[in-house]
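Q: Test case, fold it:
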Amino acid sequence: MEKKVLFVVTSHDKKGDTGQPTGYYLGEVSHPWDVLHAAGYEIDFVSPKGGKAPVDGLNLDDAVNRKFWEDEKYHHKIEHTLTPSEVKPEEYAAISTPADTEPCGIFPKMKPWQQLGGRSTKTAVWSVPFVTGHRHW
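A: Numbering: from 1, shown residues only. Model prediction:
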């Protein structure tokens with residue numbers, strides 16, 4: 001099996017009905033991506049709706065953020081995330097939920113996730129480790 005990690009990111013681009021923009025925080029994706037990618041892992045991205053994941057905290061003065069953002073392959077992947085139904089859990093060594101509450105909340109609500117690993121979402125979703133992102137990498 002190829003070493004792969006699945007990053008679960010948000011689909012929300014607005015904070016509730018406030019109209020304020022939001023999205024995944026770039027550093028919460030880029031910094032773990034950098035470590036895992038350097039270790040030989042392929043990274044895929046999934047979001048509740050699939051497609052473009054909205055970004056927040058786009059700080060390209062951070063060298064790792066810039067490295068990720070300018071990487072054509074991974075920039076394309078984050079702009080074209082998988083939908084949950086496209087994910088094949090047996091392909092992944094781990095899953096990462098970069099410090100966003102929405103990705104964690106989608107597991108029990110979305111039928112495609114409920115079937116993953118043959119487990120109930122009330123106890124566990126995957127039989128692989130979770131790698132969690134953090135704002136203070």
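Q: Over to His37: give its phi and psi.
A: phi -60, psi -40 (degrees, to the nearest 10).
Q: Near it, how many other residues are there?
A: His37 has 17 neighbours, counted by other Cβ atoms under 10 Å. Just so you know, the C-beta spots here come from the backbone N, C-alpha and C atoms, and that holds for glycine as well.
Q: quick one: contacts for it?
A: His37 sits next to 43, 74 when contact means Cβ atoms under 8 Å, 6 or more residues apart in numbering.
Q: What separation do you get for Pro54 and His80?
A: For Pro54, the distance to His80 (Cβ to Cβ, to the nearest Å) stands at 13 Å.
Q: do Phe7 as well
A: Going from Phe7 to His80 by Cβ to Cβ gives 13 Å.
Q: Of those two, give the one with the bigger neighbour count.
A: Remark: of Phe7 and His80, Phe7 carries more neighbours, 27 against 12, as counted by other Cβ under 10 Å.
Q: Remind me which helix or strand the residue lying closest to Asp44 once chain neighbours are set aside belongs to.
A: By the measure of Cβ to Cβ, 6 or more residues apart in numbering, the closest residue to Asp44 outside its immediate chain neighbours is Leu6, 5.2 Å from it. Using DSSP states H and E, Leu6 falls within strand 4-8.
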